[in-house]
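Trainee: Could you work out the structure for the sequence below:
(one chain, ligands or ions: 1)
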Amino acid sequence: MWQIVGQTRAVSLLQRSLEREAVAHAYLLVGPSHVGKMTLALDLARALNCEAAQPPCGECASCQKIASLKHADIQVIGLTRDGNSAETKPRAEISIDQIRQMQNSASLPPFEGKHKVFIIDNAEFLSNEAANCLLKTLEEPVGKVIFILLATSEKLLPATVISRCQRLELPPLAATEVEAALTSRWSIEPQKAELLARLSQGCLGWALSAALDDSLLQQCAEKMDKLLDIISAGYEERFAYAAQLATQFSQNRGLVQEILDLWLSYWRDLLLVKVGCGDTITNVDRLAMLVEMAGGYSLAQIKAFINSIQAAGEQLRQNANPRLVLEVLMLSIPSRKVGISVDYG
Ligand SMILES: [Zn+2]
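Mentor: Next up is the predicted model:
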């Protein structure tokens, strides 16, 4: 049984390749954070190494070892530190040394399974040298070795690397799909499942983490409160916040991206409320605030600021100066006007 929820298109494509024994030697899974890229990669690793007649069975020794990341032939590399490494902070990029080590390992035959599978998480953060080094491996496929690259955006990956992989897109799930999975598979109570499904924006992994750890929802609320403070703050406070985020960015890119995603979700909701589609918003717990705020902005202002947030995210991914990018974003926050009407939807 495949563990991934939804993503039927990608799953059926992989299943057909497995049945025809025509599995590609490299895949690129593209989709937002927590949508299930790692789950699908591990599903494929299990299917390739499963000992049962209907792989992946999820029960044989091989499937169980892979599920707990204890299979000698399955390796995950990425920005998080290795289990036995002395480093404590996440890495800023995937280094050429990590790729070289992976290549050494790939040159040896499988140790206990049928296929070696190398999963490269956050592949968009491969350093240039690492990407070039990886390219050589992708250009000369070796039997029984499969590479699976996971990325939230492929814009930063060299076209040469992308062209060597079979690309599978994992779109966000429908809120109803997330909600159904939370209640049926993980027995989350219906009311909580509905809220988490909306807030997850189609990324089940996030909803599950938040269901298991209440502090995540709390942190999310605190970040959102801060964003709302900043909207009405003066320039001095906004720039101090930009500086603070820029410092965080140098230590943890993902965290700043999450904050930008949060802004985006809020301003998209504002747009939805403004045009009278308030029943489809993400931040259902903030509807009253959204309705009040939507009255203070014109549609053009909201759209323009959504574009600014998206542009900032894109520039950060392309290694622009984070402080500059974030200061420009702070300057683009529209000022509220009084007396603009709103359709409550
Ligand atoms: Zn199995």
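
Trainee: From residue 295, how far out is the residue lying closest to residue 58 once chain neighbours are set aside?
Mentor: Across the structure, with C-beta to C-beta, 6 or more residues apart in numbering as the measure, the residue nearest residue 58 apart from its sequence neighbours is residue 1 (5.2 Å). For the C-beta atoms, the positions are set from N, CA and C on the backbone; glycine is no exception. Computed as C-beta to C-beta, to the nearest Å, the residue 1 to residue 295 distance reads 50 Å.

Trainee: For the two, indicate the residue with more neighbours.
Mentor: Legend: neighbour count by other C-beta atoms under 10 Å for residue 1 and residue 295, higher for residue 295 (17 against 12).

Trainee: Now the more buried one, what are its backbone angles?
Mentor: In this entry, residue 295 is assigned phi and psi values of phi -70, psi -20 (degrees, to the nearest 10).

Trainee: Next, work out how far apart it and residue 231 are.
Mentor: On the measure of C-beta to C-beta, residue 295 and residue 231 end up 14 Å apart.

Trainee: can you check residue 204 too?
Mentor: For residue 204, the distance to residue 231 equals 30 Å [C-beta to C-beta].

Trainee: Comparing the two, which residue is more hemmed in?
Mentor: Comparing residue 204 with residue 231 by other C-beta under 10 Å, the one with more neighbours is residue 204, at 27 against 17.

Trainee: since we're on residue 159, how many residues are nearby?
Mentor: A count of nearby residues for residue 159, using other C-beta under 10 Å, gives 8.

Trainee: From residue 28, how far off is it?
Mentor: To residue 28, residue 159 is 12 Å away according to C-beta to C-beta.

Trainee: ok, now which ones touch residue 326?
Mentor: Neighbour list for residue 326: 242, 243, 245, 246, 249, 312 [criterion: C-beta atoms under 8 Å, 6 or more residues apart in numbering].

Trainee: just the residues you listed now: which is nearest residue 135?
Mentor: Sorting the contacts of residue 326 by distance to residue 135 puts residue 249 at the head of the list, at 27.8 Å, by C-beta to C-beta.

Trainee: Show which residues not belonging to the helix or strand the closest one falls within make contact with it.
Mentor: Assigned by DSSP states H and E, residue 249 falls within helix 235-251. By C-beta under 8 Å, 6+ apart, the surrounding residues in contact with helix 235-251 are 89, 92, 226, 230, 233, 255-256, 259, 316, 322-323, 326-327, 329-331, 333.

Trainee: repeat that with 6 Å
Mentor: Judged by C-beta atoms under 6 Å, 6 or more residues apart in numbering, the contacts made with helix 235-251 from elsewhere in the structure are 230, 255, 256, 322, 323, 326, 327, 330.

Trainee: Point out the least confident member of the residues you listed, please.
Mentor: Sorting those by pLDDT puts residue 255 at the bottom of the list (84).

Trainee: ok, it - how many residues close by?
Mentor: Here the number of neighbours of residue 255 (other C-beta under 10 Å) works out to 13.

Trainee: Also residue 214?
Mentor: 10.

Trainee: elements contacting the lengthiest strand in the chain?
Mentor: Secondary structure assigned by DSSP state E gives strand 145-151 as the longest strand of the chain. For strand 145-151, the contact count by 3 or more C-beta pairs under 6 Å, 6 or more residues apart in numbering; DSSP states H and E identifies strand 26-30, strand 116-120 as packing neighbours.

Trainee: most neighbours per residue, which of the ones you listed?
Mentor: With neighbours defined by mean count of other C-beta atoms under 10 Å, none of the helices and strands packed on strand 145-151 is more surrounded on average than strand 116-120, at a mean of 25.

Trainee: can you give me the mean pLDDT across it?
Mentor: Mean pLDDT, taken over the full extent of strand 116-120, equals 97.

Trainee: sorry, back to before: sheet-wise, list the partners of the longest strand of the chain with their directions.
Mentor: Pairing partners of strand 145-151, with direction, according to DSSP bridges: strand 26-30 (parallel), strand 116-120 (parallel).

Trainee: which stretch among these comes nearest residue 67?
Mentor: Comparing the strands paired with strand 145-151 by their distance to residue 67 (C-beta to C-beta), the top pick is strand 116-120, with 13.2 Å.

Trainee: Show me how far the next helix or strand after the longest strand of the chain is from its chain's centre.
Mentor: Scanning forward in sequence from strand 145-151 by DSSP H and E, the next helix or strand is helix 159-163. On the basis of C-alpha atoms, centre = their mean, to the nearest Å, helix 159-163 is displaced by 20 Å from the centre of the chain it belongs to.

Trainee: Could I get the full set of strands for the stretch 51-200 of the chain?
Mentor: 74-77, 116-120, 145-151, 166-169 (DSSP state E, counting those that start in this stretch).

Trainee: re earlier: identify whichever of the helices and strands packed on strand 145-151 lies nearest to the ion.
Mentor: Proximity to the ion (C-beta to the ion) singles out strand 116-120 among the helices and strands packed on strand 145-151, at 14.0 Å.

Trainee: Mind listing residues that contact that closest one?
Mentor: Contacts with strand 116-120, where a contact means C-beta under 6 Å, 6+ apart, come from 41, 45, 73-77, 102, 110, 145-149.

Trainee: Check those against residue 215 and report the nearest one.
Mentor: Sorting the contacts of strand 116-120 by how near they are to residue 215, with C-beta to C-beta, puts residue 76 at the top with 25.7 Å.

Trainee: and that closest one, how far is that from residue 68?
Mentor: Counting by C-beta to C-beta - residue 76 and residue 68 are separated by 12 Å.

Trainee: Good, wrapping up.
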